[in-house]
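> Any chance you could fold what I've pasted below:
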Amino acid sequence: MERFVLDMNTQQTAEVFGQGDAHIAIIEDAFGVEISLNDEGVSCVPQYEDEHSQRRVELAMSVIGRMVELSKQGEVLNRQITAYLCDLAAENGPLSLSAYQAGGVCVTSRGKSIKDSR
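Residues are numbered from 1 along each chain as shown. Prediction:
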């Protein structure tokens, strides 16, 4: 049930993982998974096996994938964005993550990204 993300350079990996792996810890806690970096890329496995293990891994990997995309768009990733993406995926599924755009502050119930006007 292990899943991998491969398409990241060193800078994007550092941004996605966060200082002291802070962003990854948020994702691990949100979905009950263990995430690690190895020669094959970013690996994700469930911390425990149950009927939702595959779904938890899929959600975690979708958050990581979206964070990689946002990093490529120049978004500065932080704990708030990471937690928000985890909540968005958990509540609405992985497809909802595409609604969050770089520079966004939230996504409306209709799937529109709200941007900071500053």
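
> residues near residue 60, how many?
27 (other CB atoms under 10 Å). Backbone N, C-alpha and C define where each C-beta goes, glycine included.

> which outside residues touch the helix or strand harbouring it?
Element membership for residue 60, per DSSP states H and E: helix 53-72. Defining contact as CB atoms under 8 Å, 6 or more residues apart in numbering, one finds that helix 53-72 is touched by 1-3, 5, 7-8, 11-12, 15-16, 23, 27-28, 30-33, 35, 42, 44-46, 77, 81-82, 85-86, 89-90, 93-94, 97-98, 100, 102.

> could you point out which element follows it?
Next along the chain after helix 53-72, taking DSSP H and E as the criterion, comes helix 79-92.

> And the contacts of that next one?
18, 22-23, 26-27, 30-31, 59, 62-63, 66-67, 70, 75, 96-97, 99-100, 106-107.
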